[in-house]
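Visitor: Below: sequence and its predicted model.
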Amino acid sequence: MSAVLLVRALRDPAAVAGLDATGWNGLIAAARAERLIGTLAHRLEPVAVPRAVAPILADARRDTDREARQALWEADRCVDALRGTGVPTILLKGTAYAAAGLRAGQGRFIGDLDILVPRDAMPVAERAMMAAGWEWVKPDPYDDAYYRQWMHELPPMIHRERDRMIDVHHTVLPLTARQTPDAAAMIADAVAITDGLYILSPEDRIIHAAAHMLADGDLQGGLRNLWDIYCLLSDADPAALEARAVRHGLLSHVRQARRLAAALYGDGARLTLRDRLVRARLLARNGWGQEIAKPLVFAFYLRSHWLRMPPLMLARHLWTKWRKGHRPQ
């Protein structure tokens, strides 16, 4: 399977030496599908690759370098928009990794700008964003109400001139989720990296990534999320991470993320049955980079909604989305 090739190449770049044309096609297809082509390109930079592959990897490095510059500029614009409001700009995910020069940010594609602000500051942040040129992406009244009542963020916004998205979070999991991380503690312990820009503490970065991957999502892009976690683990103290995970009610998810990261990208780990199901979902791609094991993929899609909300609310939400034409990919 192409995802297995991708994991092997990220873990040990020298392993690509024996690939034939079919293997390279599968590796590149999986890397693109998982949005890890830039990371792979950086990992393979010192390795000799076929002449036809070299420009693909060079383009990927240029693309991710450009995205990082754009993301950092967007973060700067966010700081400017919030200046004078008393609301800090705490970066999350890819932009945070790039801004801090972390290994997890090397070659990482960065989409939306994600920031974390105190919940009671959300109205102030919303007004500031709109005054600075951001506007709503979701005009649907149901979606808008759903975000505001149940989600961990404002409805997504896009800048009308720069066409860049921003997600303004007040915590890291939906309000209906079973776990309730201490967002106030995350904000209080955020680390300043430049004037006006903050990122989460080393332990909270991992906890956020693990929560996003295992306590919320359907594992779309899971190999990239797990690579983030694998890289971030080198910056955190294991004992402090365990204690912090307990505080946020996410100890089992953090431990599972550590096992999976070690099993796929590190020196190995003993996996539970649940771990092996997650691993099977992560690796469910054929030689063309297409998702396979559709029943398993759909099961994790349903699981993601089950984790987010109680059964009756879930049934009502899925029925509403189905009537509006939404279909899981």
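Guide: Arrived safely, thanks for sending. Predicted, not measured: the structure shown is a model, and the values here were computed from it.

Visitor: in the stretch 151-300 of the chain, which spans are strands?
Guide: 157-159, 165-169, 191-194, 197-199 (DSSP state E, counting those that start in this stretch).

Visitor: contacts for the second one?
Guide: Counting by C-beta atoms under 8 Å, 6 or more residues apart in numbering, the neighbours of strand 165-169 from elsewhere in the structure are 74, 78, 92, 111-117, 122, 125-126, 129, 134, 137, 152-154, 156-159. The way it works is simple: take the backbone N, C-alpha and C, and place the C-beta from them, glycine included.

Visitor: Select from these every entry located in helices.
Guide: Among these, the members found in helices (DSSP state H) are 74, 78, 122, 125, 126, 129.

Visitor: Among those residues, which one is most surrounded by other residues?
Guide: Among those, residue 78 has the most neighbours (other C-beta atoms under 10 Å), with 27 neighbours.

Visitor: Kindly check the end-to-end length of stretch 185-198 for me.
Guide: 14 Å (C-alpha to C-alpha, to the nearest Å).

Visitor: Need the contact partners of it.
Guide: 75, 79, 83, 88-91, 99-100, 116-118, 172, 199-201, 204, 208, 247-248.

Visitor: count of residues packed around the nearest residue to residue 268 once chain neighbours are set aside?
Guide: Once flanking residues are discounted, residue 268 sits nearest to residue 262: 6.3 Å by C-beta to C-beta, 6 or more residues apart in numbering. Number of residues near residue 262 (other C-beta under 10 Å) recorded here: 16.

Visitor: Could you do residue 135 as well?
Guide: Residues within reach of residue 135, counting by other C-beta under 10 Å, total 11.

Visitor: Pull the contacting residues for the residue nearest to residue 268.
Guide: Contacts of residue 262 by C-beta under 8 Å, 6+ apart are 230, 268, 269.

Visitor: Which members of the contacts of stretch 185-198 are classed as buried?
Guide: 75, 79, 88-91, 99-100, 116-118, 172, 199-201, 204, 208, 247-248 (16 or more other C-beta atoms under 10 Å).

Visitor: quick one: which helix or strand includes the residue lying farthest from the centre of the chain?
Guide: The outermost residue of the chain, judged against the average C-alpha position, is residue 51 (32.2 Å), by C-alpha atoms, centre = their mean. Per DSSP states H and E: residue 51 is located in neither a helix nor a strand.

Visitor: try residue 96
Guide: helix 93-99.

Visitor: Which strands and helices lie in contact with that helix?
Guide: helix 54-82, strand 113-116, strand 197-199, helix 202-214 (3 or more C-beta pairs under 8 Å, 6 or more residues apart in numbering; DSSP states H and E).

Visitor: okay, these in a markdown table with distance to residue 105 next?
Guide: Below are the helices and strands packed on helix 93-99 laid out as a markdown table (distance: least, C-beta to C-beta, whole Å):
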| stretch | distance to residue 105 |
| --- | --- |
| helix 54-82 | 7 |
| strand 113-116 | 13 |
| strand 197-199 | 11 |
| helix 202-214 | 11 |
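
Visitor: How about residues contacting the helix holding residue 96?
Guide: If you take C-beta under 8 Å, 6+ apart as the criterion, helix 93-99 is touched by 68, 71-72, 74-75, 91, 102, 104-105, 108-111, 113-114, 193-194, 197, 199-200, 205, 208-209, 212, 228.

Visitor: now swap in stretch 228-237 and tell me
Guide: Residues contacting stretch 228-237 (C-beta under 8 Å, 6+ apart): 93, 97, 102-104, 108, 202-203, 205-206, 209-210, 213, 241, 257-258, 261-262, 264-266.

Visitor: Buried subset of those residues as a PyMOL selection?
Guide: Selection of the buried residues among the contacts of stretch 228-237 in PyMOL, burial being defined by 16+ other C-beta under 10 Å:
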select buried, resi 93+97+102+103+104+108+202+203+205+206+209+210+213+241+257+258+261+262+264+265
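
Visitor: Residue 279 and residue 264 touch, don't they?
Guide: Yes: counting by C-beta atoms under 8 Å, residue 279 touches residue 264, with 7.0 Å between them.

Visitor: which ones are touching residue 204?
Guide: So residue 204 contacts 186, 189, 190, 244, 248 (C-beta under 8 Å, 6+ apart).

Visitor: Quick check: the gap between residue 130 and residue 77.
Guide: 14 Å (C-beta to C-beta, to the nearest Å).

Visitor: the more surrounded of the two?
Guide: Using other C-beta under 10 Å, the more surrounded residue of residue 130 and residue 77 is residue 77, with 19 against 13.

Visitor: Now that one: closest residue in space that isn't a chain neighbour?
Guide: In space, not counting the residues next to it along the chain, residue 77 is nearest to residue 132; the distance is 7.0 Å by C-beta to C-beta, 6+ apart.

Visitor: and what of residue 297?
Guide: Counting by C-beta to C-beta, 6+ apart, the residue nearest residue 297 is residue 291, at 5.7 Å.

Visitor: What is the burial count for the one you found?
Guide: Residues near residue 291, counting by other C-beta under 10 Å, number 15.

Visitor: Report pLDDT for it.
Guide: Listed pLDDT for residue 291 reads 85.

Visitor: cool, and residue 195?
Guide: Looking at residue 195, its pLDDT reads 81.
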